[in-house]
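# Next one to model:
(chains A and B)
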Amino acid sequence: MRDFHSLASHSIASIRRGLNAKEFSAEEFTRQALAYAEAENPKTNAYLMFSPERALASARAVDAKIARGEDPGPLAGVPIAVKDVIVTRGLRTTCASKILEHYVPPYDATAIIRLEQAGGVILGKTNCDEFAMGSSNENSAFGPVRNPVALDRVPGGSSGGSAAVVAQGTAVLSLGSDTGGSIRQPASFCGIAGVTPTYGRVSRYGLTAFASSLDHIGPFARSVRDAATLLGAIAGRDEMDATSAFAPVPDYTAGLVDMRGADDLRGLKIGVPREYFEGLASDTGDRIHAAVETLRKLGCEVRDIALPHTPYAVACYYIIATAEASANLARYDGVRYTERSAAAQTLADMYRLTREEGFGDEVKRRIMLGTYVLSAGYYDAYYLKAQKVRTLIARDFAQAFEQVDAIVAPVSPFPAFKIGEKVDDPVAMYLSDIYTITGSLAGIPCMSVPCGQTPDGLPVGLQILTKHFDEATMFRVADAYQSASN
Amino acid sequence: MRINEQDVQRVAELANLALTEEEISRMARDLDGILSHIEKLNELDTTNSEPMAQVLFPAADETATLREDVERAPLPNAEAVANAPVSGGGYFKVPKVIER
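Below is the predicted model of the structure:
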């Protein structure tokens, strides 16, 4: 086996080639990957925990299949990291919260089962904002994650660790979760691809609930192709999640460049929403405009479109998401989930003190806001109003997709910011999610694909959004763009 | 102010959070800032807009979410209580709520 430098030079295909050529076994590759990831992790704090036993068992299963001449699966031997809000049987799952610091789940999430059935090797669990609430990964009870591209900056959030490990080369792929942009924004900050599939495309069974009408699981990868392969492996109906969709899962790699033998997007109509360019940092805007030009050169017909309710998305989201969170997080009450306040004498104090001691500031803030908007006398003014505005935002997209096949936009108004720079202003932090929240509210597929860097060397992400269940077009545009810009 | 410290105290009780004095005053300030931004929604006329509680798909078969009622083994009791801070006899234990 060659000297092992980093997983950054590896892809699903390169690992498969190495396995096929007997250059390395899955077990050897996994041992090296674990050693490398564990040695490099202190630089970023992206992994919260490694799972060597489980990883090696998965790798040996892949080797055994290969030895028997069986298909080892589309993710054979590929080192994958998993956001620590997705439960793993027997492996501590903390949600980056003190309240779950010692929680060991008795079952696996469906996405985990499918990923391992496909031959994937789980290296460990990644850091994130507590209960996936945040945009910078600074809300973790176990310390912030540093952006591997610029160590004094945030990796984005909430899936900051999952984005960082792929960018750092300490995993080839990872799983994150997205409620209002928690996959796309960190992907853009770290310069990799991150996908929020259609709502219901991937089962959420085993994803710790934050806001159930908005929660998604989705993949991170360096290449669009690898992200598409990972999504294909975990997507599809699951009877353990009644909100998972029946729609068949196509081969998401079928429309990609080397499968079609041509790299053009002739005939595809791309919409550029004008509302997404107000308040955009100029360095970011320059990259997005250049990307639109590249798409035009690839044959896309580019149209200006309007998504007029965009300015209302943040307000709408922070009512709906916090209302749902206040209900979902009621379960952490000191009875079932490991932590109970030592000071509590009565039942009421057990609830109040356990939650006070166990939750961090941002989680408390969101539980409070959510409880307030649902409280007697405010329901209609806030929650019902927000649900009606959500309809208007979804309708904006439906109308746009009558004219165009895909929408392209920035992911974030600015690139990765410095650690500590925005922690004191929650409203400013919330407003930075403006361009990702809209797609989450509509439940449509959306992703971030790397689109160059600012003059300071900070990655910029291009967002691509398509109709419900049209991940194929999203991947086709993203892959053609990535191939053309490399 | 859209929300004062008394309101925060009331909501904290609903949410079962024993906030400290310092947290209450900071929470009042933070929530006021957020609620002030949220008022923006009142600019919109939503009389003809249905509330969207869930993402709905256009395809009809997406609503066919009923499955066969098949017997399936539940999580074993020992595993179900394994993460409890205090358990015994297969039950979750909590501070006494009924005085004899």
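
# Contact partners for the closest residue to A:Thr338 other than its chain neighbours?
Excluding the flanking residues, the one nearest A:Thr338 by CB to CB, 6 or more residues apart in numbering or on different chains is A:His102, at 4.5 Å. No exception for glycine: its C-beta is placed from N, CA and C like everyone else's. By CB atoms under 8 Å, 6 or more residues apart in numbering or on different chains, the contact set of A:His102 is A:Arg92, A:Thr338, A:Glu339, B:Asn83.

# And the pLDDT at A:His102?
For A:His102, the pLDDT comes out at 96.

# mind checking the SS state of it?
Recorded secondary structure, A:His102: coil (DSSP: H, G, I helix; E, B strand; the rest coil).

# With the one 3 residues further on instead?
For A:Pro105, the assignment made with three-state DSSP gives coil.

# That one: how many residues sit nearby?
The tally of other residues near A:Pro105 (other CB atoms under 10 Å in any protein chain shown) stands at 21.

# So it versus A:Arg331, what's the distance?
Per CB to CB, to the nearest Å, A:Pro105 is found 13 Å from A:Arg331.

# Report the contact partners of the residue positioned nearest the centre of chain B.
Nearest to the geometric centre of chain B sits B:Ala15, at 8.4 Å (CA atoms, centre = their mean). The contact partners of B:Ala15, taken as CB under 8 Å, 6+ apart, are A:Ser326, A:Arg355, A:Ile367, A:Met368, A:Thr371.

# Can you verify my assumption that the first one contacts A:Gly370?
Yes. At 3.1 Å, A:Ser326 and A:Gly370 qualify as touching, with contact defined as CB atoms under 8 Å.

# Between those two, which is the more surrounded one?
Legend: neighbour count by other CB under 10 Å for A:Ser326 and A:Gly370, higher for A:Gly370 (27 against 23).

# what's the burial count for the closest residue to chain B within the stretch 1-150 of chain A?
Using CB to the nearest CB, A:Pro106 is the residue of the stretch 1-150 of chain A that sits closest to chain B, at 4.2 Å. Using other CB under 10 Å, A:Pro106 has 15 neighbouring residues.

# pLDDT score for it?
Taking A:Pro106 on its own, its pLDDT is 96.

# do A:Asp3 as well
In this model, A:Asp3 is scored at 57, pLDDT.

# again, but for B:Asp45
96.

# who touches A:Ala406 in this structure?
Taking CB under 8 Å, 6+ apart, we find A:Ala406 in contact with A:Leu268, A:Lys269, A:Ile270, A:Gly271, A:Ile464, A:Leu465, A:Thr466, A:Thr473, A:Met474, A:Val477.

# And the residues you listed, which of them are buried?
A:Leu268, A:Ile270, A:Gly271, A:Ile464, A:Leu465, A:Thr466, A:Thr473, A:Met474, A:Val477 (16 or more other CB atoms under 10 Å in any protein chain shown).

# now for the helix or strand harbouring the last one, which elements pack on it?
Read it as A:Val477. Assessed by DSSP states H and E, A:Val477 sits inside helix A:471-485. Applying 3 or more CB pairs under 8 Å, 6 or more residues apart in numbering or on different chains; DSSP states H and E, we find helix A:471-485 packed against strand A:193-196, helix A:224-234, helix A:257-260, helix A:282-297, strand A:406-410, strand A:446-453, strand A:459-465.

# Now tell me which of the ones you listed the model trusts least on average.
Mean pLDDT per stretch puts helix A:257-260 lowest among the helices and strands packed on helix A:471-485, at a mean of 62.

# Minimum distance to A:Val172: which of the helices and strands packed on helix A:471-485 has it?
With CB to CB as the measure, helix A:224-234 is the member of the helices and strands packed on helix A:471-485 nearest A:Val172 (7.2 Å).

# the inter-axis angle of that closest one versus helix A:471-485?
Note on geometry: by axes from the mean of the first three to the mean of the last three CA atoms, to 10 degrees, helix A:224-234 and helix A:471-485 are set 160 degrees apart in direction.

# and helix A:224-234, how far out from the chain's middle?
Averaging C-alpha positions (CA atoms, centre = their mean, to the nearest Å) puts helix A:224-234 13 Å from its chain's average.

# Next, the buried residues of stretch A:105-125.
Buried, per 16+ other CB under 10 Å, within stretch A:105-125: A:105, A:107-116, A:118-125.

# Restricting to C-alpha, output stretch A:440-456 in CSV.
Written as CSV, here are the backbone C-alpha positions of stretch A:440-456 (Å, rounded to 0.1, in the frame of the first residue of the first chain):
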residue,chain,number,x,y,z
SER,A,440,-35.8,24.2,3.3
LEU,A,441,-39.3,25.7,3.8
ALA,A,442,-40.4,24.6,0.3
GLY,A,443,-38.9,21.1,0.8
ILE,A,444,-37.2,21.1,-2.5
PRO,A,445,-33.8,19.6,-3.3
CYS,A,446,-31.0,22.0,-3.0
MET,A,447,-27.2,21.8,-2.8
SER,A,448,-24.0,23.7,-2.6
VAL,A,449,-21.3,23.1,-5.1
PRO,A,450,-17.8,24.8,-4.8
CYS,A,451,-17.5,27.9,-6.9
GLY,A,452,-14.1,29.3,-6.4
GLN,A,453,-12.7,31.4,-3.7
THR,A,454,-12.7,35.0,-2.6
PRO,A,455,-9.4,37.0,-3.0
ASP,A,456,-8.7,36.0,0.7
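
# Going by residue numbers, what spans are strands in chain A?
Along chain A, counting by DSSP state E, strands occupy A:47-50, A:79-83, A:121-126, A:173-178, A:193-196, A:216-221, A:269-273, A:301-305, A:406-410, A:446-453, A:459-465.

# Direction included, what does the fifth one pair against?
So that's strand A:193-196. Strand A:193-196 has the following sheet partners, assigned by DSSP bridges: strand A:216-221 (antiparallel), strand A:446-453 (antiparallel).

# what's the most buried one of those?
Highest mean neighbour count of the strands paired with strand A:193-196: strand A:216-221, a mean of 29 (counted as mean count of other CB atoms under 10 Å in any protein chain shown).

# what angle sits between it and strand A:79-83?
Comparing the axes of strand A:216-221 and strand A:79-83 via the same axes, to 10 degrees yields an angle of 140 degrees.

# Neighbours of A:Ala376, how many?
Applying other CB under 10 Å, we find 6 residues neighbouring A:Ala376.

# My error: substitute A:Tyr332 in the last question.
25.

# ok, now the one 4 residues further on?
When neighbours are defined as other CB under 10 Å, A:Arg336 has 17 of them.

# Enumerate every residue touching the closest residue to it other than its chain neighbours.
Nearest residue to A:Arg336, sequence neighbours excluded (CB to CB, 6+ apart): B:Ala84, at 5.6 Å. Neighbour list for B:Ala84: A:Val335, A:Arg336, A:Thr338, B:Phe92, B:Lys93 [criterion: CB under 8 Å, 6+ apart].

# Pick out the most distant pair among the residues you listed.
Farthest pair in the contacts of B:Ala84, by CB to CB: A:Thr338 and B:Lys93, 13.7 Å.

# For the two, indicate the residue with more neighbours.
A:Thr338 (19 against 14).

# In contact with that one, which residues?
Shown in contact with A:Thr338 (CB under 8 Å, 6+ apart): A:Ile99, A:Leu100, A:Glu101, A:His102, A:Tyr103, B:Asn83, B:Ala84, B:Pro85.
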